[in-house]
Every structure is written in C-alpha cells, then in structure tokens.
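*Asks:* Fold the stuff below for me.
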Amino acid sequence: MSTTTVQKSATADQAPAPAAPGRTRRRGERSLLGTLASHGLLTVASLIALFPVAWLVFLSLGPDKDDYLHPGRIWSKMTFDNYSFVLQETNFFDWLKSSLVVSLGTTVIGVLIAATTGYAVSRMRFPGYKKFMWALLVTQMFPVAVLMVPMYQILSELQLIDTYLGLILVYCSTAVPYCAWLMKGYFDTIPFEIDEAGRVDGLSPFGTFLRLILPLSRPGLAVAAFYSFITAFGEVAFATTFLLDDEKYTFAVGLQSFVSEHDAQRNLMAATAVLIAIPVSAFFYLVQKNLVTGLTAGGTKG
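*Replies:* From the prediction side, this is the model:
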C-alpha cells in the first residue's frame, strides 16, 4: 500500500460529518416568538375593548350620582339599588317593549325590502338599475337634521306621529339602502346556475328567490338583520322627535329622563345602560355564527 493511499484514507476518516438539516417550518406556521406576540396583542386589544363595559358596570354599582368623580369610593359601598330603582320605579319595561317592537319591526320590514331589492338588482338588468343603486347610496349622505322636518311633515299628514309604525318606516328609510347594497353584493356570490335550475324545475322568479336563494343567503340576511336591529335600537334623534307619549319611549329616549337642566343621575343611567345591553347581546348571540361569513362574502363582488 502506498503512502499516498494511506494519507487519503486518513483524510477521509477525519472529514467532518455533514450537519443534520434543520426543521423546515411549514407554510402558515408561526415561530414561538410570533405566537407569543400575536397572543399578547390580542389580549391587550381584548382588554381595551372590555374596559368601557367593565367601567360602566362598576359605575352602576355606586349608590350616589357623583360617584363617577371618585370611583375609588365605590369599592366600600357597592350596591344593586340602582338596578332595583330602574326596574321598579321607572318605565323600564315600557321602554323595553317599545324598543323591541320598533327594532324587530324595522328588522323584519327592512330585511324583506332590502333582500328583494338586492336580488332584483343582482339578477335583473332593467333600464337605470345602476342609477337606482347609486340613488340608494346618495340617500345615506343626508344628515339627520336635514331629514327631520320633511319626515315630520310626511308622518303628520299620514297621522303616524307618536306611533310605532311611523318610527319603523323612518328607520327603514335609513337601514334599507345600506342593506340593499349589502344583499346585492352577497347575491352576486351565488351562482346564476341555481336560478337557471329553478326555472328548469318550473319555479317562478319569486319562487326561485324564496325556495333556493334565500336559504343560501342566511349569512347575508343575518348581517342585514343585525344592522337594522342596531340602527333602530340605539337611535335617539328620530325617536325623540316622533314619539310624544312617555309610555312609548324607546330606551334611547328613556335615558334622557335621568338628565335634567341642572342635574344628571349618572348612576341610574349606568345601571339602565347595562340592562339595555342585554337584549342587544342576546340578538348578537343568535346571529353571530353568520356575521363573519356574511360580511366577507358580501364584499367579494360589488
């Protein structure tokens, strides 16, 4: 054996072994640092979102109207007397009834009109359909102060002042244009082949809409219903102007009874606000499964 061969063999034996390949990160997989940062950011955002609600509940437990100036004193004298007073000594349940009648009425009528309007514009091509949709959008540009007087005159001529129906129609004039745009965008995501299959099966256009399209558009309907409900439930200006009987006041108007010219019972307002949030939270819970789907799908086409 030659010396050269021995030297090559020794060099080969002393050569370092190749390093083991590192673990390849899959697509979409985050590092530990990224996961901790995202969770920390979401935690901070959640605390920021929950703080106003927790602060409102905390102030509602203070027995005095000026406790909001010295919140630290509330810890030693927390009480539920504010809730007892609101439930027993005010027209809270009348406000609840009025708010639910107006809000649910606006939701049902508004979603029905918006859904049929959005479907017609999405599927049918009639003269001026684009201008019609732009006209709906333009109606959202007018401030409430401009609309107040003409709406009051119209409702007065129809003898709908101080009625639930009059207020529902006013709220529909606000909710329907936006919901029609929303539903039109959602109907655009539903294939036209479904309409054609309905016609082949002998369904009329309305039958196709009612039996085939509506069941597929529940997420979009949920978003439109939630928007209509919130619009009617929390509105103040129209309700204050068009409702005269204190037994027909909605929650938004009833809250003003705790504010006088020289005084404000903020502890009672806080307790009432907490109670008001319960119906809205319940409605949100019913439609939450479809909200995200409806919002994202309705924005893919327009």
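*Asks:* pLDDT below threshold where in the stretch 151-300 of the chain?
*Replies:* Along the stretch 151-300 of the chain, the model assigns pLDDT under 70 to residues 261, 290-300.
*Asks:* just the helices in the stretch 201-302 of the chain please.
*Replies:* 205-208, 214-216, 218-233, 237-242, 251-254, 266-297 (DSSP state H, counting those that start in this stretch).
*Asks:* who wins for proximity to residue 58 among these?
*Replies:* Within the helices of the stretch 201-302 of the chain, the stretch nearest residue 58 is helix 266-297; the backing value is 8.5 Å (C-beta to C-beta). To be clear about C-beta, it is placed using only N, CA and C from the backbone, and glycine gets the same treatment.
*Asks:* other SSEs contacting the closest one?
*Replies:* Of the remaining helices and strands, those touching helix 266-297 by 3 or more C-beta pairs under 8 Å, 6 or more residues apart in numbering; DSSP states H and E are helix 32-60, helix 81-89, helix 92-123, helix 164-187, helix 218-233, helix 251-254.
*Asks:* For residue 245, which of those is the nearest?
*Replies:* helix 92-123 (9.4 Å).
*Asks:* Quick check: buried residues in the closest one?
*Replies:* Within helix 92-123, the residues that count as buried by 16 or more other C-beta atoms under 10 Å are 92, 94-96, 98-107, 109-111, 113-115, 117-123.
*Asks:* Same check on stretch 69-81?
*Replies:* Under the neighbour-count criterion of 16+ other C-beta under 10 Å, stretch 69-81 has residue 74 buried.
*Asks:* Distance from the chain centre to that stretch, please.
*Replies:* Here stretch 69-81 is found 32 Å from its chain centre; the criterion is C-alpha atoms, centre = their mean, to the nearest Å.
*Asks:* Repeat that for stretch 236-247.
*Replies:* 24 Å.
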